[in-house]
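Asks: Here is my input; please provide its structure:
(one chain, ligands or ions: 1)
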Amino acid sequence: MKIGLLGFGVVGRGFYELTLSRSDMKVGHVICLEDITLPGVNVTRNINDILSDPEVDTVVEAMGGLHPAWDFVKAAIEAGKNVVTSNKALVAAFYDELLPLVQEKGVLFRCTAAVGGGICWLSELERVRRCETVVKLGGIMNGTCNYILDNMTRNGLTYSDALKQAQALGYAEANPSTDVDGIDTWNKLLISCNVAWGVSLEQSQVPAAGIRNIKAIDIAAFAEHGRACRLVSTGEMENGVISAYVQPKLFPVTDLEANVPANFNLITFEGSSCGRMSLYGQGAGRYPTAYNVLQDCVDLTRGNGFYSICTGKVNVCNDGKLCFYVRGASDAWLDSVTADHWGEGVITSPVSVSEMHAWCAEHPDVFMASLA
Ligand code: HSE
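Replies: Okay, the predicted model is just below:
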């Protein structure tokens, strides 16, 4: 396998290093904006060096972002190259276009590292579909947020110190608001639901709330009530209707999720006969993520592409009701649904997920978390 590698950041460099000891693949070209020299590798800024090299059978995209990453991936597929990507934003945004294009051009595609970093979540989710109906999926999908919440809870770090550490360790996105506002988890949830149910969710109907506004007083109130906060995704299918959303959730301190440390992810599905199955591992970081990119390349050498299908757009319904912790604003609506008080926050009576997210969108300083 001769590879054209797009991007030489955290993941791209890690992947390149992992290939050096292998005889079944070689990075021949690297697209990189910086002036670097790599022995025996053409370092370039020109995608045409890769597209026009007939020996390059596989393009590995680790640039991140939507453009030019998508333009390059699209051009590679159109040129008949197989593609591996770790770019969740790209896969989530262009899912409906990407899968048919891959099929039409008869190339192989994989994106395991796009969800869960080093965890084989997506490749297992695809296998699940061969035998099972997925009834529920989701969990901790963002290493940066988990690192922040874990360090605030267990080590008493401030939010900003924990975020700085996560950035220094290479866990955070180029713009960390993508992590802390739940967008990264949202991208990963969309991909997971699409793979699990063979559809493309109507993205505007999937809300996301993040952890940007969490404070030490919230963490203390949760601890007093035997809870720990984690940012989680939820996707459920009942009678053909899908609900999907991202929000912080307060887990009893004895639950697995409450004990997930540092940059680790814990992602779970429930199958119709296998029941709960959870995958746990490092969800961010150079080598764990590069490991899954490498695994995808090995799969391609064996002719194993991503075999998901996409039957079209589907609506999402988030009418299910939950109780929420809310701190940072008050108004007549919140008063009308307040059932209890925890520290400076309130606990609501059951409120629909869509109603709570709509209210939070109008109160940007609020911190909110569900109790279940
Ligand atoms: N910023 C992401 C995270 C990287 O923290 O999980 C891995 O997708």
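Asks: For the rest of this, base every contact and every neighbour count on C-alpha atoms.
Replies: Fine.
Asks: so after the helix or strand of the chain with the lowest mean pLDDT, what's the next helix or strand?
Replies: When each helix and strand of the chain is scored by mean pLDDT, DSSP states H and E, helix 121-131 comes last, with a mean of 93. Downstream of helix 121-131, the next assigned helix or strand under DSSP states H and E is strand 134-140.
Asks: for the helix or strand following that next one, packing partners?
Replies: Downstream of strand 134-140, the first helix or strand assigned by DSSP H and E is helix 143-154. Secondary-structure packing of helix 143-154 (3 or more CA pairs under 8 Å, 6 or more residues apart in numbering; DSSP states H and E): helix 159-168, helix 177-180, helix 216-224, strand 227-238, strand 264-271.
Asks: Is Val73 in a helix, a strand, or coil?
Replies: helix (DSSP: H, G, I helix; E, B strand; the rest coil).
Asks: Please give me every residue in contact with it.
Replies: Val59, Glu61, Val83 (CA atoms under 8 Å, 6 or more residues apart in numbering).
Asks: Identify each buried residue in the host helix or strand of Tyr245, please.
Replies: Using DSSP H and E, Tyr245 maps to strand 241-252. Under the neighbour-count criterion of 16 or more other CA atoms under 10 Å, strand 241-252 has Ile242, Ser243, Ala244, Tyr245, Val246, Gln247, Pro248, Lys249, Leu250, Phe251, Pro252 buried.
Asks: which residues does the fourth one contact?
Replies: With contacts taken as CA under 8 Å, 6+ apart, Tyr245 has the following neighbours: Trp186, Leu189, Val206, Pro207, Ala208, Ser233, Thr234, Gly235, Asn318.
Asks: By neighbours, which of these wins?
Replies: Comparing the contacts of Tyr245 by number of neighbours (other CA atoms under 10 Å), Trp186 comes first, having 31 neighbours.
Asks: for the ligand, what are the nearby residues on this protein?
Replies: Gly117, Asn142, Gly143, Thr144, Tyr171, Ala172, Glu173, Asp179, Gly283, Ala284 (CA under 6 Å from any ligand atom).
Asks: okay if I get the residues you listed as JSON lines plus distance to Gly226, neighbour count and pLDDT?
Replies: Output for the residues of the chain next to the ligand, formatted as JSON lines (distance: CA to CA, whole Å; neighbours: other CA atoms under 10 Å; pLDDT from 0 to 100):
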{"residue": "Gly117", "distance to Gly226": "30", "neighbour count": "31", "pLDDT": "94"}
{"residue": "Asn142", "distance to Gly226": "23", "neighbour count": "32", "pLDDT": "97"}
{"residue": "Gly143", "distance to Gly226": "23", "neighbour count": "28", "pLDDT": "96"}
{"residue": "Thr144", "distance to Gly226": "23", "neighbour count": "31", "pLDDT": "97"}
{"residue": "Tyr171", "distance to Gly226": "28", "neighbour count": "25", "pLDDT": "93"}
{"residue": "Ala172", "distance to Gly226": "29", "neighbour count": "26", "pLDDT": "93"}
{"residue": "Glu173", "distance to Gly226": "31", "neighbour count": "17", "pLDDT": "92"}
{"residue": "Asp179", "distance to Gly226": "26", "neighbour count": "24", "pLDDT": "98"}
{"residue": "Gly283", "distance to Gly226": "26", "neighbour count": "27", "pLDDT": "92"}
{"residue": "Ala284", "distance to Gly226": "28", "neighbour count": "31", "pLDDT": "90"}
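Asks: Could you work out the most separated pair of the residues you listed?
Replies: Maximum pairwise distance among these (CA to CA): 13.6 Å, between Gly117 and Asp179.
Asks: Can you report how many residues neighbour the residue nearest to Met152 when sequence neighbours are not counted?
Replies: Spatially, and ignoring its direct neighbours in sequence, Met152 is nearest to Thr158 (6.0 Å; CA to CA, 6 or more residues apart in numbering). For Thr158, the neighbour count with other CA under 10 Å is 17.
Asks: what does the model give Thr158 for pLDDT?
Replies: pLDDT recorded at Thr158 is 97.
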